[in-house]
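Trainee: coords please:
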Amino acid sequence: MSRRSVLVGLSCLAAGLLAGDQARADAASSVPDPDVHHAPLPDTRLGYQPAAPRPTLAWAAFQLVPSPEIAVGRQRHVGPAGDVDAGPRAAFGLRWQLTPVLWSFGVHPSQSRWRTFVVDPLARQSGSIELSASFEYIGGHVDRVLARPGLRVYLPVAHKGEYLSVSLGTSVYAYEGLRVAYDVGAYILAGTLGFQMTVAPAHAPLAGIATVRLRYF
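Mentor: This is a model prediction of the structure:
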């Protein structure tokens, strides 16, 4: 046997051994290691949908709970001697409140800033501007139902308004002509409990109204 034949045979044997080692390595790598945990790939079919509060029966029931108030003003009447000032008077009232539209500048940018009717406390008390609609019955010397469309801004004071927030607003109502009122309020417990003071400087019968505001959402 020639030297060349021996070298060719040895080369073929070495190539075969290398190929066998590579095959065994590939087979070993394909076997999962029981000590290694592989996380599944995320499902790209899933998407993110922001929460969209909608009116429910529970929401409607809570809207029927009124906020108590006391209206203080001066009532005039025509007597035998002409116009007579009857002096200051106080009357008990009840107020119901709705929010047709609210724009919140306090929520995270990933969330929608708009709310209609159903308003979560964070969106309102963390900073917002709302178109308000209040309906109230005041007894005593007033003895009538009033509707108050208005505009109000809420500003947070402590913990994004959850602990304390304040508001400034204005409204109009029809009573002996079209009247304008202004209100200021302070709220705690994420806006659930608050105190509002409404004043109408140019309207003596409803010069001031103090309202204990009860609101859930």
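Trainee: switch to C-alpha atoms for all contacts and neighbour counts from now on
Mentor: Noted.
Trainee: And P156, how far from I188?
Mentor: Remark: distance between P156 and I188 (CA to CA, to the nearest Å) = 10 Å.
Trainee: center of this structure - which residue?
Mentor: With distances taken as CA atoms, centre = their mean, the residue of the chain nearest its centroid is A123 (2.6 Å).
Trainee: what sits against it?
Mentor: By CA atoms under 8 Å, 6 or more residues apart in numbering, the residues touching A123 are 104-107, 113.
Trainee: I would like a PyMOL command selecting only the buried ones among the residues you listed, please.
Mentor: A single PyMOL command selects the buried members of the contacts of A123 (16 or more other CA atoms under 10 Å):
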select buried, resi 104+105+106+107
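Trainee: which residues are common contacts for P156 and I188?
Mentor: Counting by CA under 8 Å, 6+ apart, the residues touching both P156 and I188 are 162, 164-165.
Trainee: Among those, which one is most surrounded by other residues?
Mentor: S165 (25 neighbours; other CA atoms under 10 Å).
Trainee: sec struct for that residue, please.
Mentor: Three-state assignment for S165 (DSSP: H, G, I helix; E, B strand; the rest coil): strand.
Trainee: So what pairs up with it in the strands?
Mentor: Bridge pairing for S165 (DSSP bridges) gives the partners P156, Y187.
Trainee: what about it, distance to S104?
Mentor: Using CA to CA, S165 is found at 14 Å from S104.
Trainee: which neighbours do those two share?
Mentor: Joint contacts of S165 and S104 (CA under 8 Å, 6+ apart) are S126.
Trainee: Show me what whichever strand or helix holds G169 is packed against.
Mentor: Element membership of G169, judged by DSSP states H and E, is strand 164-174. In terms of contacts (3 or more CA pairs under 8 Å, 6 or more residues apart in numbering; DSSP states H and E), strand 164-174 is packed against strand 144-158, strand 178-188.
Trainee: angle of that strand against strand 178-188?
Mentor: Using axes from the mean of the first three to the mean of the last three CA atoms, to 10 degrees, the inter-axis angle of strand 164-174 relative to strand 178-188 is 160 degrees.
Trainee: avg pLDDT for strand 164-174?
Mentor: Mean pLDDT, strand 164-174: 97.
Trainee: I appreciate the help and will end here.
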